[in-house]
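Asker: here are the coordinates; sequence isn't available:
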């Protein structure tokens with residue numbers, strides 16, 4: 001009996017490393033048309049950047065910042081096997097000799113269509129039900145509301161951002177509950193705020209919004225929402241508790257991760273991103289920080305292992321593994337424990 005319906009995780013999520021040329025650069029080898037591209041220059045300081053198929057090329061939001069901007073030399077085309085970046089734009093996308101990483105997710109076919117399941121009809125919702133990922137665009141009301149996500153199961157992670165106004169990013173994690181929220185662009189601990197998600201967990205058809213006037217549901221403001229539902233053998237989201245030891249906490253995912261994003265949620269601390277392309281062997285100590293624009297950091301004081309069935313902390317750093325700390329995490333698979341990914345799910 002198959003362990004997972006996603007035998008090849010790289011059909012839905014993949015990581016691309018590249019070196020900039022300063023000239024228009026077509027990047028292939030992703031394995032699908034990426035519908036959400038989260039990109040960061042590794043070798044120098046510059047913001048994280050997200051482009052998606054609903055907002056289109058040239059429209060950029062910044063995980064470490066509060067605004068959307070037009071960037072004509074950013075991602076200039078979505079391709080069947082990758083994407084094209086423009087002619088430089090400082091260090092942002094394609095500076096000659098700079099090194100980059102792009103994390104790529106597959107949603108639906110193009111922009112999709114309006115979802116009418118909630119009290120707010122989305123402008124577009126692009127859905128990949130197989131991988132549990134959707135992108136929705138909606139206009140806020142400033143009053144309690146619901147929005148259709150199209151996944152058919154309740155998402156465990158929701159990330160929202162206003163694209164028409166300056167605002168924080170809103171993050172929902174099922175494990176900390178809908179009364180609380182995190183901000184992707186900030187270091188704050190999870191805070192009680194019913195206005196973000198109306199103290200209501202998502203259902204199989206909709207997620208809820210409160211009367212928060214800016215970050216998730218301001219009247220007349222436009223938003224993008226990235227929704228993630230767990231899929232066995234492909235994605236795992238939740239919370240873990242640290243143990244304060246260099247022989248750190250182990251988090252079971254049921255697959256060898258390709259990407260882990262984590263954040264201490266009970267105290268002020270940053271977000272951290274680890275992946276197998278930038279750190280191909282254990283111990284992994286190359287990380288990027290979504291809430292700031294810093295270059296890639298590599299330090300033996302803050303590190304992690306990806307193993308065949310999860311990830312293990314290898315430090316007692318407060319941002320990763322404090323003995324009293326709780327941590328939000330998102331993880332996506334490189335190889336399932338059982339599957340036909342052509343990648344053996346072995347220890348690294």
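Answerer: Structure's in. What do you need? Because the structure is a prediction, the values reported are computed rather than measured.

Asker: which stretches of the stretch 201-348 of the chain form strands?
Answerer: Here the stretch 201-348 of the chain has its strands, by DSSP state E, counting those that start in this stretch, at 206-209, 222-228, 235-241, 250-252, 255-264, 271-275, 286-287, 297-298, 304-307, 310-313, 326-336.

Asker: which one of those lies nearest to residue 19?
Answerer: strand 286-287 (16.0 Å; Cβ to Cβ). (C-beta placed from N, C-alpha, C; glycine too.)

Asker: can you list the strands that the closest one pairs with?
Answerer: strand 297-298 (antiparallel) (DSSP bridges).

Asker: contacts for the helix or strand of the chain with the lowest mean pLDDT, please.
Answerer: For the chain, the helix or strand with the lowest mean confidence is strand 68-70, at a mean of 79 (criterion: mean pLDDT, DSSP states H and E). Residues from elsewhere that reach strand 68-70 (Cβ atoms under 8 Å, 6 or more residues apart in numbering): 55, 58-62, 161-164.

Asker: try it again at 7 Å.
Answerer: 58-61, 163 (Cβ atoms under 7 Å, 6 or more residues apart in numbering).

Asker: now do that strand: distance to the chain's middle.
Answerer: With Cα atoms, centre = their mean, to the nearest Å as the basis, strand 68-70 stands 19 Å off its chain's centre.

Asker: can you flag the buried ones in the contacts of strand 68-70?
Answerer: 59-61, 163 (16 or more other Cβ atoms under 10 Å).

Asker: just flag the most distant two among the residues you listed.
Answerer: Most distant of these, by Cβ to Cβ, are 60 and 163, 9.9 Å apart.

Asker: my read: residue 319 touches residue 267, true?
Answerer: No - with contact defined as Cβ atoms under 7 Å, residue 319 does not count as touching residue 267 (8.9 Å).

Asker: these two - which one has more neighbours?
Answerer: residue 319 (22 against 16; other Cβ atoms under 10 Å).

Asker: what about the nearest residue to that one once chain neighbours are set aside, neighbour count?
Answerer: With sequence-adjacent residues excluded and distances taken as Cβ to Cβ, 6 or more residues apart in numbering, residue 319 is closest to residue 269, at 4.2 Å. Using other Cβ under 10 Å, the number of residues around residue 269 comes to 21.

Asker: right, I'll call it a day here.
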